[in-house]
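# Give the three-dimensional model of this entry:
(one chain, ligands or ions: 1)
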Amino acid sequence: MKTLIVGNAGYVGPVLSNFLKHQNPERFVAGFDTAYYAHSLTADHQPERVLNMQHFGDVRDFPVDLLNGFDAIIYLAAISNDPMGKLFEDQTRDINQLAATKLARAAKNAGVSHFVFASSCSVYGCAGEYPRIETSDLNPLTAYAHSKVNTENELLKIADKNFLVTCPRFATACGFSPRLRLDLVLNDFVASAMSTGTIEILSDGTPYRPLIHVQDMSRVLDWASKRSLEAGGEFLVVNSGSQNWNFQVLELAQAVQRHFPNVEISINRDAAPDKRSYQVDFSLLKRLAGDVYPRVTLDEAIIELKRGLTHMKFSDNQFRQSDLIRLHVLQGHIASERLDRNLYWK
Ligand SMILES: NC(=O)c1ccc[n+]([C@@H]2O[C@H](COP(=O)([O-])OP(=O)(O)OC[C@H]3O[C@@H](n4cnc5c(N)ncnc54)[C@H](O)[C@@H]3O)[C@@H](O)[C@H]2O)c1
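Numbering: from 1, shown residues only. Purely as a prediction, here's the structure:
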């Protein structure tokens, strides 16, 4: 089986690459990435070394000949959060949506059988009290969330029995990675506890934020890249996370605090209400793909992050302005004239 991971050199990609090769060393796994964050390594090895092949390029100019012979494409490439989407709105649409859809069409023409698009639970936006299921109303609040909804809608049009499309709507990721990012809530809390002695909650702590460990994400992506037609049909949108991981932000902070007893929690009671709050129902994933249902526990995730950051000798109390924050890296590339304003390398 030949698999191409598009956007493999970010946070999720290296963990996924390892997972796929560990599951089946015979599987041919290739990567394609423009390498915005290639230098933001948090491991003492190059994660791409496990791949059979690495291509560098921009998905907006994807060389379609590359698709020949692949069975599955896993599309991770993205401008990957709300603050970046706000600053790079057009590029978010172009990379997350237009390039993904164009690539999917080309993949179908090239005889690829499985296309997996990493969507997000943020499509539910401000979703009230009840857990959202896949057919619930969507309420995308940001350019990032819009790009995910629009891509799902486009992919629906091209899926068929020979071209199975899966869009896992992932909860917010957490956990260690060879390219760790600290602009994710649990990762931020652990980094904050270690480097500042305080866990700073930027909201009043009440919003719900379902999480998933990056290893469990990989399990879902692997399953989606080879699922049968019977498991979900030609086109499948599936909430991807765990019923037990619908946490309120304050609960997450308290869970981290239990591992750092002298650390304080600071809550911003004056913050404007955080509109992004949603609980999500993950039972469809369990029904369709029982075995891949998330298994990492929250404590395991915190312990792993603490261990990884300790190994890095992490102590940067200014980490929110560092290369472990995706937006900061892009801004640095632009300020140094390595990238233009459209996020093309100069
Ligand atoms: N991390 C999360 O919490 C989370 C949650 C839900 C969904 N997702 C989705 O999962 C996917 C992976 O997330 P991540 O955390 O690894 O993001 P990331 O930002 O760490 O990695 C994205 C990768 O895409 C690449 N990329 C971006 N634009 C590109 C372009 N024009 N051409 C080629 N490559 C390009 C980047 O270089 C990077 O390596 C994304 O689609 C994201 O939206 C992530």
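
# Could you show which parts of the stretch 151-300 of the chain are in contact with the ligand?
Taking Cβ under 6 Å from any ligand atom as the contact definition, the stretch 151-300 of the chain meets the ligand at 170, 172-173, 181, 184. Every C-beta, even on glycine, is put in place using the N, C-alpha and C of the backbone.

# now, the most widely separated pair of these?
Phe170 and Arg181 (14.2 Å; Cβ to Cβ).

# Looking at those two, which one has more neighbours?
Phe170 (26 against 22; other Cβ atoms under 10 Å).

# List the beta-bridge partners for that one.
Ser120, Ser240 (DSSP bridges).

# Mind pulling up the pLDDT for it?
The confidence metric pLDDT takes the value 98 at Phe170.

# In contact with whatever residue of the stretch 1-150 of the chain ends up closest to the ligand, which residues?
Nearest residue of the stretch 1-150 of the chain to the ligand: Gly10, at 1.9 Å (Cβ to the nearest ligand atom). Gly10 makes contact with 33, 36-37, 76, 80, 179, 181, 326, according to Cβ atoms under 8 Å, 6 or more residues apart in numbering.

# who wins for neighbours among those residues?
Counting by other Cβ under 10 Å, Ser80 has the largest number of neighbours within the contacts of Gly10, with 26 neighbours.

# any idea whether that residue is helix, strand or coil?
Ser80 carries the three-state label coil when classified by DSSP: H, G, I helix; E, B strand; the rest coil.

# Would you mind measuring from it to Val116?
Taken as Cβ to Cβ, to the nearest Å, the spacing of Ser80 relative to Val116 amounts to 16 Å.

# Likewise for Glu234?
Spatial separation of Glu234 from Val116 under the definition Cβ to Cβ is 14 Å.

# what do you get for Tyr208?
Going from Tyr208 to Val116 by Cβ to Cβ gives 26 Å.

# Can you add secondary structure and distance to Leu288 and give the residues of the stretch 151-300 of the chain next to the ligand back as JSON lines?
As requested, these are arranged in JSON lines below (DSSP: H, G, I helix; E, B strand; the rest coil; distance: Cβ to Cβ, whole Å):
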{"residue": "Phe170", "secondary structure": "strand", "distance to Leu288": "15"}
{"residue": "Thr172", "secondary structure": "strand", "distance to Leu288": "22"}
{"residue": "Ala173", "secondary structure": "strand", "distance to Leu288": "21"}
{"residue": "Arg181", "secondary structure": "coil", "distance to Leu288": "29"}
{"residue": "Leu184", "secondary structure": "coil", "distance to Leu288": "26"}
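
# With respect to Leu339, which of those is nearest?
Taking Cβ to Cβ as the measure, Arg181 is the one of those closest to Leu339, at 17.9 Å.

# got the contact list for the residue nearest to the closest one when sequence neighbours are not counted?
For Arg181, the nearest residue in space outside its immediate sequence neighbours is Tyr11; the separation is 4.7 Å by Cβ to Cβ, 6 or more residues apart in numbering. The contact partners of Tyr11, by Cβ under 8 Å, 6+ apart, come to 37, 80, 173, 177, 179-181, 184, 214.

# got it, and Cys121?
Cys121 neighbours (Cβ under 8 Å, 6+ apart): 132, 169-172, 210, 239, 241, 278, 280.

# ok, now Ser228?
When contacts are taken as Cβ under 8 Å, 6+ apart, Ser228 is in contact with no other residue.

# Distance check, it against Ala173.
Distance of Ser228 to Ala173, given as Cβ to Cβ: 26 Å.

# Could you do Val50 as well?
Between Val50 and Ala173 the distance, using Cβ to Cβ, works out to 20 Å.

# And the two? Which one has more around it.
Remark: of Val50 and Ala173, Ala173 carries more neighbours, 25 against 17, as counted by other Cβ under 10 Å.

# Which residue ranges of the stretch 51-200 of the chain form strands?
When secondary structure is read from DSSP state E, counting those that start in this stretch, the stretch 51-200 of the chain shows strands at 53-56, 72-75, 114-117, 119-120, 164-170, 172-174, 198-201.

# Kindly reformat those strands as CSV containing distance to Asn342.
Written out in CSV, the entries for those read as follows (distance: least, Cβ to Cβ, whole Å):
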stretch, distance to Asn342
strand 53-56, 18
strand 72-75, 20
strand 114-117, 23
strand 119-120, 23
strand 164-170, 26
strand 172-174, 27
strand 198-201, 34
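
# can you dump the C-alpha coordinates of stretch 210-225 into CSV?
What follows is stretch 210-225, C-alpha atoms only, in CSV (Å, rounded to 0.1, in the frame of the first residue of the first chain):
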residue,chain,number,x,y,z
PRO,A,210,-12.8,18.5,23.3
LEU,A,211,-9.2,17.2,23.0
ILE,A,212,-7.5,14.2,21.3
HIS,A,213,-4.0,13.0,21.7
VAL,A,214,-1.9,13.2,18.5
GLN,A,215,-1.2,9.4,18.6
ASP,A,216,-5.0,8.7,18.7
MET,A,217,-5.3,11.1,15.7
SER,A,218,-2.8,9.0,13.9
ARG,A,219,-4.9,5.9,14.6
VAL,A,220,-8.0,7.5,13.1
LEU,A,221,-6.1,8.8,10.0
ASP,A,222,-4.6,5.3,9.4
TRP,A,223,-8.0,3.7,9.7
ALA,A,224,-9.6,6.3,7.3
SER,A,225,-6.8,5.8,4.8
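
# Great, nothing more from me.
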